[in-house]
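Student: Fold the following, please.
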Amino acid sequence: MKKLISILIFFSLSSYSDAVEEVNRVLKKDLSYQQFTTINDEKKISTGVIKKSDGETIIEVISPYKEKYVINKDKIIVYDFEFNNTSEIEISNIDNLVLDIILYGIDNSKVNIDLIDDKTFKLSLIDHNDIEFKNINPESFSVTFDDNMNIQNYIIFKLIKS
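Tutor: Residues are numbered from 1 along each chain as shown. Here you go, the predicted model:
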């Protein structure tokens, strides 16, 4: 019986580790995304790309608005092409877990992870709403969460093929 429990724990930890590591591997690469939000029963779709380069992450919103975010360890430079406006935000002024995950991946030591199955897990958080990762595979995954304004978000991330 003890051996069976040990085997089950090993496979459970292995699946948990595999799913999180798969997400982290995908996040290190250039991605396209589709974000679906629901605000007062109105559904909106946003699309764009996330590109990683030396010390920078660039998030380009393609639709419905043309925006670009250049992110480094100190600041975010926001380019709003619709209004021909540029602004800067100090990274230290931002507390956004989803942005942290996009930039750095999932840090197992900073979050509680609940494995749902081998392709799905949930980050259970004290200071933030839960974030659920689904449909995890080597080329894509999806994320579901309510943001700090309780707006429902569903994002599909896919690798950009060279």
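
Student: what about Asn93, distance to Asp118?
Tutor: Separation of Asn93 from Asp118 (CB to CB, to the nearest Å) stands at 38 Å. (Each C-beta comes from the backbone N, C-alpha and C, glycine too.)

Student: Show me the helices in the chain, by range?
Tutor: Remark: helices assigned in the chain by DSSP state H are 2-27, 97-104.

Student: By mean pLDDT, show me the worst of those helices.
Tutor: Ranked by mean pLDDT, the helices of the chain bottom out at helix 2-27, with a mean of 62.

Student: Send me stretch 32-50 as PDB with only the CA atoms.
Tutor: Provided in PDB are the C-alpha atoms of stretch 32-50 (Å, rounded to 0.1, in the frame of the first residue of the first chain):
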ATOM      1  CA  SER A  32       0.400  35.200 -30.800                       C
ATOM      2  CA  TYR A  33      -2.600  35.700 -28.600                       C
ATOM      3  CA  GLN A  34      -6.300  36.100 -28.800                       C
ATOM      4  CA  GLN A  35      -8.000  37.600 -25.700                       C
ATOM      5  CA  PHE A  36     -11.700  37.300 -25.100                       C
ATOM      6  CA  THR A  37     -13.200  39.500 -22.400                       C
ATOM      7  CA  THR A  38     -16.700  39.700 -21.100                       C
ATOM      8  CA  ILE A  39     -17.900  43.000 -19.700                       C
ATOM      9  CA  ASN A  40     -21.600  43.300 -18.800                       C
ATOM     10  CA  ASP A  41     -22.500  40.400 -21.100                       C
ATOM     11  CA  GLU A  42     -20.700  42.100 -23.900                       C
ATOM     12  CA  LYS A  43     -17.900  40.000 -25.500                       C
ATOM     13  CA  LYS A  44     -14.800  41.700 -26.900                       C
ATOM     14  CA  ILE A  45     -11.800  40.200 -28.800                       C
ATOM     15  CA  SER A  46      -8.300  41.500 -28.800                       C
ATOM     16  CA  THR A  47      -5.400  40.000 -30.800                       C
ATOM     17  CA  GLY A  48      -1.700  40.600 -30.900                       C
ATOM     18  CA  VAL A  49       1.800  39.200 -30.600                       C
ATOM     19  CA  ILE A  50       4.400  38.900 -27.800                       C
END
